[in-house]
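Participant: predicted structure and sequence below. I'll ask about it afterward.
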Amino acid sequence: MKLKKFRILLTLMAGLVLTACGEVVDEESITAVGSSALQPLVEAAGEQYSAENLGKFINVQGGGSGTGLSQIAADAVDIGNSDIFAEENTGIDASKLKDHRVAVVGITPIVTPGTGVTNVTLEELQGIFTGEITNWKELGGIDLPITVLNRSSGSGTRATFEKWVLGDDLKSVVSQEQESSGTVRQIVANTPGTISYVAFSYVNDDVEALSINGVEPTDKNVSTNEWIIWSYEHMYTNGEPTGLTKDFLDYMLSQEVQGGLIEALGYIPITKMQVERDFEGNTIPAENP
Amino acid sequence: MKAKRLEGVMQGVFLFSALISVLSIILIIIFMFAGGVPFMMEYGIVDFLFGDRWSPSNTPSSFGILPMILGSIFVTIGAVVIGVPIGILTAVFMAEFCPPKLYKILKPATNLMAAIPSIVYGFFALQLIVPIMRNFSGGTGMNMLTAMILLGIMILPTVIGLSESSLRSVPRSYYTGSMALGATHERTVMKVIMPAAKSGIISSVILGVGRAIGETMAVVLIAGNQPIIPQSITSGVRTLTTNIVLEMAYAAGEHREALIATGVVLFVFILMINGLFMMIKRKESKA
């Protein structure tokens, strides 16, 4: 009796395996690894791409920009996602890597509403993050101590913010740290006098974004480089991309993604940028219309 | 014949199950030490353990974890000071004084406390304890005291559960003997039952310590996470576990190795705590 059941089961299983084999046609997949800031976009684009191109899969993993760059430099993955230029990462050989910039992310300082300060100069912002300015009244606001909240060491958002605000020489004060933008926003919203920074897409009514030198943090000001705290979202390939990798990267730059998905997810389309900036900060007018 | 074969097969299945847990702990040990120890050697064990500067993105970077070691120890001591007296007294109440009707509510409640995910405790503390602490001590309200109170609450179910069962396992003759000698119920509980259950209660405290030192997700939300040696009970603190979870997502190369090495230190702490626990258990079974 038992044996009979077992045999039936076996036959069924064999049938299943054989049918499955028959249905497999041209399955192909690539893997993209790296930046957690870019991950939601590549995941969404990958799903959309797979839905339109049956049998083609885009595996997306996080791990951070550093991981993305080291993995692509080692040729262990097909695409390495990064918030920073490969040239800025000292540990890898960037010469073979090909840069594909798919989007831009603007980063803005945010404060708890009610400090009485909505605009600061870049020098004042430096003063806050280096610990020289410790009370909002020094900036014309109410008498309330300033609490600095940083992202944790190694975060791409923090790296971008420090690069453009503090530069190479200044160091941030030892401060509170949190590991995700969502938590940062919640703490800033709830704790009077706190300042931190997040990508534009995280700004909501619970927090107040600061203007710097009178320039507001908007997509438009990023596209003209008037707002300087922004970074490219890079997708690096090892050498020229081919096959599915090339096809997917083209898809990332297509109107479908640039005009739809990217803005829906709060990134700035690369096609809207009016300037191009290299890793040393030099800018030239962009080739895009 | 057939039954015998089945017996043999099943024995294998049981053995295999038992081996999996042993195997995984061995693999964890190998992975941790292979990943962390080379870094410690290279960086210098003394510099790593007793360095008071943690700044991985500076050039040159420094990886001193003394602030985190002290942070973990301070927070755990605070949690024990707050949680253990409450926990033990609750256990005594539940075992000896509690009316059965109340017990029917109290017991499931403490069991439920153990089942609540730690991130939920974290949110609870962020919404409730942090604002209270902000009014009380100023600043952001995310400090060592907040973490101590939260962890004090989180170790309660461990302390209560184990203490209660060890109080209940004291032979009833101790109780009746003491009562027969004229002692009151209260006196019997405090002077006879509790001393008899001493080793079980101490083990519950040690397991509570293990829970407090290993807690991560709740602490990361409310401790402030500054990598500095805390100057007072109201300054922010970073523990060994939160150091790992804060930076693992972004770490690469040496930084990553330093975090794995942090894990090794944490692992050694847990080994010591469990060793202590086993020592006390052994003593108990001998007595």
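Facilitator: Everything's here; your move. Please read these numbers as outputs of a predicted model, since none were measured by experiment.
Participant: now the residue nearest the centre of chain B: phi and psi?
Facilitator: For chain B, the residue nearest the mean C-alpha position is residue B:211 (1.6 Å; CA atoms, centre = their mean). Backbone geometry at residue B:211, expressed as degrees, to the nearest 10, gives phi -60, psi -40.
Participant: quick one: contacts for it?
Facilitator: Neighbour list for residue B:211: B:154, B:155, B:158 [criterion: CB atoms under 8 Å, 6 or more residues apart in numbering or on different chains]. From N, CA and C alone the C-beta is placed, and that goes for glycine too.
Participant: switch to 10 Å and redo it
Facilitator: Residue B:211 makes contact with B:76, B:79, B:83, B:114, B:118, B:151, B:154-159, B:273, according to CB atoms under 10 Å, 6 or more residues apart in numbering or on different chains.
Participant: mind checking pLDDT for it?
Facilitator: pLDDT for residue B:211: 93.
Participant: quick one, helices of chain A?
Facilitator: Taking DSSP state H to define them, one finds helices in chain A at A:2-23, A:39-52, A:65-73, A:122-130, A:156-161, A:181-190, A:219-223, A:243-252, A:255-256, A:262-264.
Participant: list the strands paired with the biggest strand by length in chain A, with their directions.
Facilitator: Counting residues, the longest strand found in chain A (DSSP state E) is strand A:97-111. Applying DSSP bridges to the sheet, strand A:97-111 is found paired with strand A:194-199 (antiparallel), strand A:208-209 (antiparallel), strand A:230-238 (antiparallel), strand A:268-269 (antiparallel).
Participant: so what's residue 270 scoring on pLDDT?
Facilitator: No chain was given, so I picked chain A. In this model, residue A:270 carries a pLDDT of 88.
Participant: um, chain B though
Facilitator: For residue B:270, pLDDT reads 92.
Participant: quick one, what contacts residue 51?
Facilitator: You didn't say which chain, so I picked chain A. No contacts exist for residue A:51 under CB under 10 Å, 6+ apart.
Participant: oops, chain B please
Facilitator: B:43, B:44, B:62, B:63, B:64, B:65, B:66, B:67.
Participant: near chain A, from the residues you listed?
Facilitator: residue B:67 (CB under 10 Å from any CB of the partner chain).
Participant: name the member of the contacts of residue B:51 with the most neighbours.
Facilitator: Most neighbours among the contacts of residue B:51, by other CB atoms under 10 Å in any protein chain shown: residue B:65, with 27 neighbours.
Participant: which residue packs closest to it, ignoring adjacent ones?
Facilitator: Closest residue to residue B:65 apart from its sequence neighbours, by CB to CB, 6 or more residues apart in numbering or on different chains: residue B:262 at 5.7 Å.
Participant: hang on, that neighbour is in a helix, isn't it?
Facilitator: Yes. Membership of residue B:262 in a helix is supported by DSSP: H, G, I helix; E, B strand; the rest coil.
Participant: what residues does the stretch 1-150 of chain B put near chain A?
Facilitator: Close to chain A, as judged by CB under 10 Å from any CB, the stretch 1-150 of chain B has residues B:53-59, B:61, B:67, B:122-123, B:126-127, B:130-131, B:134, B:138-143.
Participant: please report the number of neighbouring residues for residue 245.
Facilitator: No chain was given, so I picked chain A. Counted by other CB under 10 Å, the residues lying close to residue A:245 total 21.
Participant: I was after chain B.
Facilitator: By other CB under 10 Å, 17 other residues sit near residue B:245.
Participant: what do you get for residue B:22?
Facilitator: For residue B:22, the tally of surrounding residues (other CB under 10 Å) stands at 9.
Participant: any stretches of the chain with poor pLDDT?
Facilitator: No chain in the question, so chain A it is. A:1-26, A:90, A:287-289 (pLDDT under 70).
Participant: oops, I was thinking of chain B
Facilitator: For chain B, the ranges with pLDDT under 70 are B:1, B:286-287.
Participant: try 80 this time
Facilitator: Residues of chain B meeting the criterion pLDDT under 80: B:1-3, B:57-60, B:138-139, B:249-253, B:284-287.
Participant: strands along that one, start to end?
Facilitator: Along chain B, counting by DSSP E, strands occupy B:54-55, B:62-63.
Participant: and these as JSON lines, adding distance to residue B:239?
Facilitator: Output for the strands of chain B, formatted as JSON lines (distance: least, CB to CB, whole Å):
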{"stretch": "strand B:54-55", "distance to residue B:239": "12"}
{"stretch": "strand B:62-63", "distance to residue B:239": "16"}
